[in-house]
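no sequence for this one, just the structure:
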C-alpha cells in the first residue's frame, strides 16, 4: 500500500448555526488520484479549505507525513507541500495573467528559472493554454480555471487538491488534465479531484470518498465502487438524471419540435461585436422561437460571453440588428461576480432580478414581502442549504449560490432565458432538477438559449444546436449531432482566440 501523506480525522467546522463538517475523515496517499464526491453543501470545499490553511477546524486533527500539524494560513499549508485549486477563483482581476502567476510563486522557483520560462514549459506540458498579457478581468471562467490550475502546479506541490476543475473545461482539456493528474500521481504525489459528475471521478481516481452532510459516508477503491451505491451515498434514494450523473450518453436525435415555434422571440441579423482585442462576434444571425431550447457549444474565448450578453441585453452590438423581448432571464457563467452580491442576503439577491416585474412594485416602492416569499420558495424548492433567507450570498457554497441564481432567473417567467453553464457546480440531483425545469419552461413557451461547455448537456436539452468558433456561429446538422461532430465545428474558423497556439501546434480543423 502506498504511504499516507495526509490524514484528516474527525474534522468539525461550524459557521454560526450551520454545521459544515461533523467529523469528516479523509486519507490521501502518495501515488494515488483520490476522488471526492458529495452534494452541494456536503462539506467538500470546507474540508479542503481546512487542509489548505484557509479555515481553522473546530475539532479533529490533521496529520501530514504521520505527524500532527496545525495549519493557520495558506503559507503553512504550502510549507507542507499542500496546493489547492479553488472552486472560487483567487486571482487578482486587475493584474495580468503573467502577474497573477508570478504573484502565486512568491520565490518558489528554482534558481535561474524565470517566471516566463517556467510558465511556457508548464503550458507545453499540460496543454492548458492561456493568454499571458490580458488582465484577468478580461477573461472568461474557462481561462480563469486554467490559470488557477497553472498557478498551483507552478509551485510543484506534493499534495494537490483540485476543487471542481472540470466544470468549464472542454472535453479535450478534461482528458489532458486527467492524463496530467495520472502523471503527477505517478511521480509519488497525492492528487485529489473534487467533482460532482461520477464519470469525471471514476475516469481517473484510484479511490473514492463520499461526503454527506459534513460526514464521510463511504470510501472505496474506484474499481470496487458500485455506481448506484455512490449515488445513494451522495444524494439518497430517488430518481436522478443520468446525464447529470455522467453515467451515459445523451439521448440520440433532437428533442421534439417546439410547440410554440411559430412565435419568434429573438432575431439577430449580421451582428458584430468588436472591442480592443478585435472582433468577438462576426456576422451572427440567430432566430429563437418561443418553446425551443437552442444550444450553443464552443471552446472558451470564441465569443460565447459576448453572444450571451448581447442576448441578455447587457452588451450593445457594434453592427447589425438585435430584436429582443422586454423580459429576459440571465444565468451568467461567473456567479460570484455577475450573479450574486456576497454582501446581500437571499431576499436582496432575488430582488436583483425580480424588481423588473410589475407585480413586485407598489407605486414607486418595491414589495419586499413578495420578494421574501419568492426567496423562501427558492430556498425550499431548490434545496438551498441556508438557515434562512437572511443568509448572506457570500456565506453560501458555490453550488448553493448557483441554486439561488438559477431559481431566481427561472422564477422570472421571462420570454427569453439565456443560460451560461447553468449546472456548473451543481450536484447530480440539482442538475437533474434544473434540466427538468428548463424543459418545463420550454414547454410553456419560453425561448431558451443554452451556452454550455458540457456537450452532453447541450445534446440532451437542445432542439437546434450551433457551434461557435472565432466569433462565427454555425448550425450543427443532424449528421454532425454528436460529440465528435460538434467538437470538429468548435475548432473551425479563423485562429485568433485564446486557444490559438494550441490549435497551431497541430489540432485538426475538422
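Thanks, I have it. All values derive from a computational prediction rather than experimental measurement. Residues are numbered from 1 along each chain as shown.

okay, helices next: where are they in the stretch 301-450 of the chain?
With DSSP state H, counting those that start in this stretch as the criterion, the stretch 301-450 of the chain has helices at 304-311, 346-354, 368-381, 398-410, 428-443.

mean pLDDT and mean neighbour count for those - can I get that in TSV?
For every residue, glycine as well, the C-beta is placed using N, CA and C. Formatted as TSV, the helices of the stretch 301-450 of the chain follow (pLDDT from 0 to 100; neighbours: other CB atoms under 10 Å):
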stretch	mean pLDDT	mean neighbour count
helix 304-311	92	24
helix 346-354	91	23
helix 368-381	92	17
helix 398-410	88	25
helix 428-443	85	20
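
contacts only, for the closest residue to residue 143 other than its chain neighbours.
Computed as CB to CB, 6 or more residues apart in numbering, the closest residue to residue 143 that is not its neighbour in sequence is residue 130, at 5.3 Å. Residues near residue 130 by CB atoms under 8 Å, 6 or more residues apart in numbering: 97, 123, 139, 143, 146-147, 150, 498.

for those, which one is nearest residue 78?
Distances from residue 78 to the contacts of residue 130, taken as CB to CB, are shortest for residue 150 (15.9 Å).

which ones are touching the closest one?
101, 119, 122-123, 126, 128, 130.

repeat the analysis, applying 6 Å as the threshold.
Residues near residue 150 by CB atoms under 6 Å, 6 or more residues apart in numbering: 122, 128.

what angle do the strand or helix carrying it and helix 304-311 make?
According to DSSP states H and E, residue 150 maps onto helix 141-154. With axes from the mean of the first three to the mean of the last three CA atoms, to 10 degrees as the basis, helix 141-154 and helix 304-311 are set at 150 degrees to each other.

with distance to residue 418 as extra columns, can I get the helices of the stretch 301-450 of the chain in JSON lines?
Output for the helices of the stretch 301-450 of the chain, formatted as JSON lines (distance: least, CB to CB, whole Å):
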{"stretch": "helix 304-311", "distance to residue 418": "5"}
{"stretch": "helix 346-354", "distance to residue 418": "12"}
{"stretch": "helix 368-381", "distance to residue 418": "19"}
{"stretch": "helix 398-410", "distance to residue 418": "9"}
{"stretch": "helix 428-443", "distance to residue 418": "12"}
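
could you list the low-pLDDT ranges of the stretch 401-510 of the chain?
Low-confidence segments of the stretch 401-510 of the chain, defined by pLDDT under 70, span residues 491-510.

any idea how this structure splits into domains?
Annotated domains of the chain cover 4-242, 252-325+415-510, 338-413 [automatic domain parsing].

going by mean pLDDT, which of those domains comes out lowest?
Among the domains of the chain, domain 252-325+415-510 carries the lowest mean pLDDT, at a mean of 79.

from the chain's centroid, how far away is it?
Here domain 252-325+415-510 is found 17 Å from its chain centre; the criterion is CA atoms, centre = their mean, to the nearest Å.

what do you get for stretch 328-340?
Computed by CA atoms, centre = their mean, the chain-centroid distance of stretch 328-340 equals 12 Å.

outside of it, which residues touch it?
Outside stretch 328-340, the residues that touch it by CB under 6 Å, 6+ apart are 88, 141, 312-313, 349, 393, 401-402, 405-406, 409, 412, 414, 416-422.

of the residues you listed, which count as buried by neighbour count?
Among the contacts of stretch 328-340, those scoring as buried are 141, 312, 349, 393, 401-402, 405-406, 409, 412, 414, 416-422 (criterion: 16 or more other CB atoms under 10 Å).

hmm, back to that, and the domains of the chain as CSV, adding distance to residue 332?
Putting the domains of the chain into CSV (distance: least, CB to CB, whole Å) gives the following:
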stretch, distance to residue 332
domain 4-242, 9
domain 252-325+415-510, 6
domain 338-413, 4
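
give me the neighbour count for residue 17.
7 (other CB atoms under 10 Å).

which residue packs closest to it, ignoring adjacent ones?
According to CB to CB, 6+ apart, the nearest residue to residue 17 is residue 387 (5.5 Å).

give the contact list for residue 465.
When the contact criterion is CB under 6 Å, 6+ apart, the partners of residue 465 are 295, 476.

and it, helix, strand or coil?
The three-state label given to residue 465 by DSSP: H, G, I helix; E, B strand; the rest coil is strand.

in the sheet, who's paired with it?
Beta-bridge partners for residue 465, by DSSP bridges, are residue 295.

distance of it relative to residue 170?
Distance, residue 465 to residue 170, by CB to CB, to the nearest Å: 15 Å.

residues near residue 385, how many?
Neighbours of residue 385 (other CB under 10 Å): 18.

residue contacts, it?
Residue 385 neighbours (CB under 6 Å, 6+ apart): 41, 400.

gap between it and residue 403?
Using CB to CB, residue 385 is found at 8 Å from residue 403.

what does residue 372 give?
17 Å.

same question for residue 340.
Applying CB to CB to residue 340 and residue 403 gives a distance of 11 Å.

check which helix or strand covers residue 37.
Under the assignment here (DSSP H and E), residue 37 is part of strand 32-38.

which other helices and strands contact that strand?
The contact analysis (3 or more CB pairs under 6 Å, 6 or more residues apart in numbering; DSSP states H and E) places strand 32-38 against helix 171-186, strand 190-194, strand 207-212.

doesn't residue 319 make contact with residue 272?
Yes: between residue 272 and residue 319 a contact is recorded at 4.2 Å, counting by CB atoms under 6 Å.

these two: which has the busier surroundings?
residue 272 (16 against 13).

and that one, that's in a strand?
Yes: applying three-state DSSP, one finds residue 272 inside a strand.

how about the residue in the chain that sits furthest from its center?
residue 363 (39.5 Å; CA atoms, centre = their mean).

specify the angle between the strand or helix carrying residue 21 and helix 171-186 in degrees.
In this structure, residue 21 sits in strand 18-29 according to DSSP H and E. On the basis of the same axes, to 10 degrees, strand 18-29 is oriented at 60 degrees to helix 171-186.

not counting sequence-adjacent ones, nearest residue to residue 171?
Residue 171 sits nearest to residue 455 (CB to CB, 6+ apart), 6.3 Å away.

which ones are touching the one you found?
Here residue 455 is in contact with 297, 483, 486 (criterion: CB under 6 Å, 6+ apart).

the residues you listed in strands, which ones?
Counting by DSSP state E, those place residue 297 in strands.

ok, and the most crowded of the contacts of residue 455?
residue 297 leads the contacts of residue 455 on contacts (other CB under 10 Å) with 28 neighbours.

wait, isn't it in contact with residue 486?
Yes: between residue 297 and residue 486 there is a contact at 5.2 Å, judged by CB under 6 Å.

need the residues touching each of these two.
Common neighbours of residue 297 and residue 486 (CB under 6 Å, 6+ apart) are 455, 467.

if I look at residue 187, how far off is residue 128?
According to CB to CB, residue 187 and residue 128 sit 18 Å apart.

picking that back up, now, among the contacts of residue 455, which is nearest to residue 367?
Using CB to CB, the contacts of residue 455 come closest to residue 367 at residue 297, 39.8 Å.

how close does that closest one sit to residue 171?
From residue 297 to residue 171 the distance is 10 Å (CB to CB).

residue 135 too?
Residue 135 sits at a distance of 28 Å from residue 171 (criterion: CB to CB).

show me the contacts for residue 384.
Residue 384 makes contact with 400, 403-404 under the criterion CB under 6 Å, 6+ apart.

just residue 411 next, same as before
By CB under 6 Å, 6+ apart, the contact list for residue 411 reads residue 374.

distance check, it against residue 458.
Counting by CB to CB, the gap from residue 411 to residue 458 is 24 Å.

now swap in residue 176 and tell me
As judged by CB to CB, residue 176 and residue 458 stand 21 Å apart.
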